[in-house]
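>>> okay, structure incoming, though there's no sequence with it:
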């Protein structure tokens, strides 16, 4: 097991790289950060990966790196990383095959995942994510979000800015869109977008072999105030249904 504690400076950043295992991040009030690495499975490879891990504070960036190693006689290394950081920390996560779970309010967030599910509770800033295989879920995004998914469902519960999602295979849901434009490109999977009340709506939906429906009259924007926020929705789908509906508003965490 490896444990360490740090006092973070202003504008904290977190950079996590764990090839295989689990990544658990919690953003908390205060200026302290802590890291705990443990073997996820009881084998020599996992214990050695923890011993060889690099955990260090460089300026305002906390680096947590579990190094790659080829498979050997002792099996594949799998490590559990438990990290506590200050609220508002800009966070970058890179993993080949780990589930990622982040609670509390992060700042900007970037995630590169080859295989594994990702759940982010609250991203106060921008979100950039690339996932080859696995579901992606975020509770709240305060700034623009860009998500690319090759295989897996994508769920955004609430967005206050622009959303750009490209999905090769999997359902896409934005339950409460209240900010900038929502753009979705989906090759295979259903698309569901909820628009926050009080917003004007402009819709451009195209699907090759799916049904498209909207419970919001497309001319509803005529009755809204001229200065009401406009939510532009653009969906290009190949195979899957598209539904536009009025959102049941989701509280920001």
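Nice, I can see it. Values in this document were obtained by computation on a predicted structure and should not be read as measured data. Numbering: from 1, shown residues only.

>>> and the pLDDT for residue 252?
pLDDT recorded at residue 252 is 61.

>>> likewise for residue 76?
For residue 76, the predicted pLDDT is 82.

>>> again with the one 3 residues further on
Each residue has a pLDDT score; the one for residue 79 is 96.

>>> was I right about it contacting residue 53?
Yes - Residue 79 lies in contact with residue 53 (C-beta atoms under 8 Å); the separation is 7.3 Å. From N, CA and C alone the C-beta is placed, and that goes for glycine too.

>>> more neighbours: those two, which one.
residue 79 (24 against 18; other C-beta atoms under 10 Å).

>>> so how far is residue 31 from that one?
26 Å (C-beta to C-beta, to the nearest Å).

>>> what comes up buried for the strand or helix carrying residue 85?
Assigned by DSSP states H and E, residue 85 belongs to strand 79-86. For strand 79-86, the neighbour count (16 or more other C-beta atoms under 10 Å) marks 79-81, 83-86 as buried.

>>> neighbouring contacts of that strand?
The contact list for strand 79-86 (C-beta atoms under 8 Å, 6 or more residues apart in numbering) reads 8, 12, 14, 16, 18, 20-40, 46, 49-50, 53, 62, 64, 66, 91.

>>> now swap in stretch 11-24 and tell me
Here stretch 11-24 has contacts from 25, 31, 33, 40, 46, 60-66, 68, 76-83, 85-86, 88-102, using C-beta under 8 Å, 6+ apart.

>>> what about that stretch, how long is it end to end?
Start-to-end span of stretch 11-24 (C-alpha to C-alpha, to the nearest Å) is 21 Å.

>>> and that stretch, how far out from the chain middle?
13 Å (C-alpha atoms, centre = their mean, to the nearest Å).

>>> ditto for stretch 189-202
For stretch 189-202, the distance to the chain centre is 20 Å (C-alpha atoms, centre = their mean).

>>> could you check that stretch and say which residues are buried?
Buried-residue list, stretch 189-202, by 16+ other C-beta under 10 Å: 189-196, 199-201.

>>> out of these, who's nearest residue 182?
Of all the buried residues of stretch 189-202, residue 182 sits closest to residue 193, with 5.8 Å by C-beta to C-beta.

>>> so for the helix or strand hosting the closest one, mean pLDDT?
According to DSSP H and E, residue 193 maps onto strand 191-195. Mean pLDDT, computed over strand 191-195, is 96.

>>> next helix or strand past that strand?
Immediately after strand 191-195, counting by DSSP H and E, sits strand 200-207.

>>> parallel or antiparallel, list what pairs with that next one.
strand 230-239 (parallel) (DSSP bridges).

>>> now the strand it pairs with: buried residues?
231, 233, 235-237.

>>> let's have those in TSV, adding pLDDT and distance to residue 157.
Shown next, in TSV, are the buried residues of strand 230-239 (pLDDT from 0 to 100; distance: C-beta to C-beta, whole Å):
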residue	pLDDT	distance to residue 157
231	93	16
233	96	17
235	96	19
236	95	23
237	92	21
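
>>> which of these sits closest to residue 158?
For the buried residues of strand 230-239, the nearest to residue 158 is residue 231 (12.8 Å; C-beta to C-beta).

>>> next up, the contacts around that closest one.
Neighbours of residue 231 in contact, by C-beta under 8 Å, 6+ apart: 177-182, 195-196, 199-202.

>>> what does residue 160 give?
Residue 160 sits in contact with 140-143, 178-179, 252, where contact means C-beta under 8 Å, 6+ apart.

>>> quick one: it and residue 144, what's the gap?
10 Å.

>>> for residue 22, same thing?
Taking C-beta to C-beta as the measure, residue 22 falls 28 Å from residue 144.

>>> which parts of the stretch 101-250 of the chain are strands?
Secondary structure of the stretch 101-250 of the chain, counting by DSSP state E, counting those that start in this stretch: strands at 109-115, 118-123, 127-131, 136-141, 145-149, 154-159, 163-167, 172-177, 182-188, 191-195, 200-207, 212-214, 230-239, 242-246.
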